[in-house]
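*Asks:* The sequence and its predicted three-dimensional model are supplied below.
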Amino acid sequence: MAVHLDSKQAILLRLLTDVFGKDNIVFDISLWLLLQDFENIASDNKDFKKLKCLFTILDKNSTPKMVVNFDPLYDKEKYIDIKELEKHQILENTLKEVNITYLVINKDDFEGLTHPKHPVNIVDLFNFKLGLDEE
């Protein structure tokens with residue numbers, strides 16, 4: 001099966017692979033499939049079948065631990081798609097219910113990761129966004 005990534009997705013995948021390893025990253029899995037082990041959450045919710053998780057990070061037991069998505073407003077300079085924002089909110093709330101970390105990469109984050117003069121790396125960004133660098 002061929003995987004089709006745009007350029008920013010490919011760059012993010014490369015960065016994630018460097019940290020988590022290629023065998024621990026799943027691309028474009030549906031929320032419904034991701035939550036099949038959580039019967040009380042997933043059930044037969046048709047909306048969950050339409051929602052996608054860009055990158056899902058698995059632990060050594062193949063258990064989902066984190067979902068990484070681009071901000072739904074990333075490329076939106078002229079208009080905001082309310083449906084995309086609603087999908088993002090459903091994803092965020094549902095993943096929180098099952099203790100899967102949801103990390104959103106916005107345009108500034110991505111530019112910081114890919115600009116050669118910025119000293120930010122993906123581990124630092126994750127620590128900052130997840131509040132792990134605070135003492």
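*Replies:* Here it is on my side, so go on. Numbering: from 1, shown residues only.
*Asks:* average pLDDT across the longest helix along the chain?
*Replies:* Ranked by residue count and defined by DSSP state H, the top helix of the chain is helix 82-97. The average pLDDT for helix 82-97 rounds to 86.
*Asks:* repeat for stretch 31-48
*Replies:* Here the average pLDDT along stretch 31-48 is 70.
*Asks:* What's the end-to-end length of that stretch?
*Replies:* Start-to-end span of stretch 31-48 (Cα to Cα, to the nearest Å) is 5 Å.
*Asks:* now do stretch 50-65
*Replies:* 21 Å.
*Asks:* Buried residues, it. List them.
*Replies:* Leu51, Lys52, Cys53, Leu54, Phe55, Thr56, Ile57, Leu58, Pro64 (16 or more other Cβ atoms under 10 Å). Every C-beta, even on glycine, is put in place using the N, C-alpha and C of the backbone.
*Asks:* if we take these, which one ends up nearest to Phe38?
*Replies:* Set against Phe38, the nearest of the buried residues of stretch 50-65 by Cβ to Cβ is Pro64 (10.1 Å).
*Asks:* hang on, the closest one packs against Ile57?
*Replies:* Yes - with contacts counted by Cβ atoms under 8 Å, Pro64 reaches Ile57, the gap being 7.4 Å.
*Asks:* what do the two both touch?
*Replies:* Common neighbours of Pro64 and Ile57 are not found (criterion: Cβ atoms under 8 Å, 6 or more residues apart in numbering).
*Asks:* quick one, strands of this structure?
*Replies:* 25-30, 52-58, 64-70, 101-105 (DSSP state E).
*Asks:* could I get the ones you listed as a markdown table with distance to Val123?
*Replies:* Output for the strands of the chain, formatted as a markdown table (distance: least, Cβ to Cβ, whole Å):
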| stretch | distance to Val123 |
| --- | --- |
| strand 25-30 | 15 |
| strand 52-58 | 13 |
| strand 64-70 | 13 |
| strand 101-105 | 12 |
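*Asks:* To Gln89, which of the ones you listed lies closest?
*Replies:* That would be strand 101-105 among the strands of the chain, by Cβ to Cβ, at 10.5 Å.
*Asks:* buried set for that closest one?
*Replies:* Buried residues in strand 101-105 (16+ other Cβ under 10 Å): Tyr102, Leu103, Val104, Ile105.
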